[in-house]
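Participant: Can you look at this prediction? I've put the sequence above it.
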Amino acid sequence: MPGRTRRIVARATGRVQGVGYRAFAADEAVRLLVTGSARNLDDGATVEVIAEGDEPTLRTFVERLREGPALARVDGVRFRWEDATGEYPGFEAII
């Protein structure tokens, strides 16, 4: 049974830009019924992922973010918990 909705703000570092990481995050989010967004940060080596869902699902999502797509090299994913806002109707990979 799903718990209350939570939010994570995650930052994936490594070779995560230009390798399909945002699309991978979006595909996994849709599969897991998570809402939010993924965007490249200006440093060229970090993708920020904001996601909302129940806590067990978000923990699974973070594990998938740590794996990443085949062309990526994920050095790490750090995240923090926040209260959900419900602002996302789906998941968007921001260009």
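Facilitator: Received the coordinates, thanks. Numbering: from 1, shown residues only.

Participant: can we go C-alpha only for contacts and neighbour counts from here?
Facilitator: Will do.

Participant: gap between the spatially most central residue of the chain and V62?
Facilitator: Nearest to the geometric centre of the chain sits V49, at 3.8 Å (Cα atoms, centre = their mean). Separation of V49 from V62 (Cα to Cα, to the nearest Å) stands at 10 Å.

Participant: overlap in contacts of the two?
Facilitator: Counting by Cα atoms under 8 Å, 6 or more residues apart in numbering, the contacts common to V49 and V62 are A10.

Participant: helices and strands of this protein: which one has the lowest mean pLDDT?
Facilitator: In the chain, no helix or strand scores lower on mean pLDDT, DSSP states H and E than strand 91-94, which sits at a mean of 94.

Participant: Name the strands paired with it and say parallel or antiparallel.
Facilitator: When pairs are called by DSSP bridges, strand 91-94 turns out to pair with strand 35-40 (parallel).

Participant: roughly how far is the partner strand from the heart of the chain?
Facilitator: Relative to its chain's centre, strand 35-40 lies at 6 Å (Cα atoms, centre = their mean, to the nearest Å).

Participant: buried residues in that strand?
Facilitator: Residues T35, G36, S37, A38, R39, N40 are the ones in strand 35-40 that count as buried (16 or more other Cα atoms under 10 Å).

Participant: Setting aside sequence neighbours, what's the nearest residue to R6?
Facilitator: Distances taken as Cα to Cα, 6 or more residues apart in numbering place A84 nearest to R6, at 4.7 Å, with adjacent residues excluded.

Participant: which ones are touching that neighbour?
Facilitator: Neighbour list for A84: T5, R6, R7, E52 [criterion: Cα under 8 Å, 6+ apart].

Participant: cool, and G18?
Facilitator: Here G18 is in contact with no residue (Cα under 8 Å, 6+ apart).

Participant: how about a markdown table for the buried residues of strand 35-40, with pLDDT and distance to R80 added?
Facilitator: A markdown table is the format used below for the buried residues of strand 35-40 (pLDDT from 0 to 100; distance: Cα to Cα, whole Å):
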| residue | pLDDT | distance to R80 |
| --- | --- | --- |
| T35 | 98 | 16 |
| G36 | 98 | 14 |
| S37 | 98 | 15 |
| A38 | 98 | 15 |
| R39 | 98 | 17 |
| N40 | 98 | 18 |
